[in-house]
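In: predicted structure and sequence below. I'll ask about it afterward.
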Amino acid sequence: MRYLSNTVSLRFDAGGCTGCGSCLEVCPHNVFARQGQRVALAARDNCMECGACALNCPTGAIQVKAGVGCAYAIIRGILTGSEPSCDCSPPAGPTASPCC
Ligand code: SF4
Ligand code: SF4
């Protein structure tokens, strides 16, 4: 899934990365990739601004303004007991709508 180019608020300080790998684990869209002992931005425009990477980065090397699309996905996941998903595909049902 790709969104608009160069509109994402994601900021990554490569010099502050220790290579712990937390962002690799939590990012649902594979925005980061392993690069030697650290990570690098691999697909910045794939970011949906969920904020999980910044929340889990122990060094503050990542900054992002979490967006409403992910909030919808998280709330829907809680209500349905499913994994949060923000792939923008409309869920089933007459009142359902895509998150963004
Ligand atoms: S904000 Fe979410 S989608 Fe964007 S890079 Fe971080 S974990 Fe991945
Ligand atoms: S969570 Fe932070 S320190 Fe860990 S690999 Fe990702 S950017 Fe580097």
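Out: That came in fine, so what should we check first? Residues are numbered from 1 along each chain as shown. Ligands and ions are numbered 1, 2, ... in the order given.
In: would you state the strands of this structure in chain order?
Out: 11-12, 32-35, 38-41, 62-63 (DSSP state E).
In: quick one, which of those is packed in tightest?
Out: Highest mean neighbour count among the strands of the chain (mean count of other CB atoms under 10 Å): strand 62-63, with a mean of 20. To be clear about C-beta, it is placed using only N, CA and C from the backbone, and glycine gets the same treatment.
In: tell me which parts of this structure are close to ligand 2?
Out: 17-23, 39, 56-59, 61-62 (CB under 6 Å from any ligand atom).
In: tell me if I'm right that Cys47 and Arg11 touch.
Out: No - counting by CB atoms under 8 Å, Cys47 does not reach Arg11; the two are 10.5 Å apart.
In: hang on, the earlier thing: for the strands of the chain, give me JSON lines that also has mean pLDDT.
Out: Output for those, formatted as JSON lines (pLDDT from 0 to 100):
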{"stretch": "strand 11-12", "mean pLDDT": "96"}
{"stretch": "strand 32-35", "mean pLDDT": "98"}
{"stretch": "strand 38-41", "mean pLDDT": "97"}
{"stretch": "strand 62-63", "mean pLDDT": "96"}
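In: can you list the ones you listed in a markdown table and add distance to Leu79?
Out: A markdown table is the format used below for the strands of the chain (distance: least, CB to CB, whole Å):
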| stretch | distance to Leu79 |
| --- | --- |
| strand 11-12 | 32 |
| strand 32-35 | 29 |
| strand 38-41 | 32 |
| strand 62-63 | 28 |
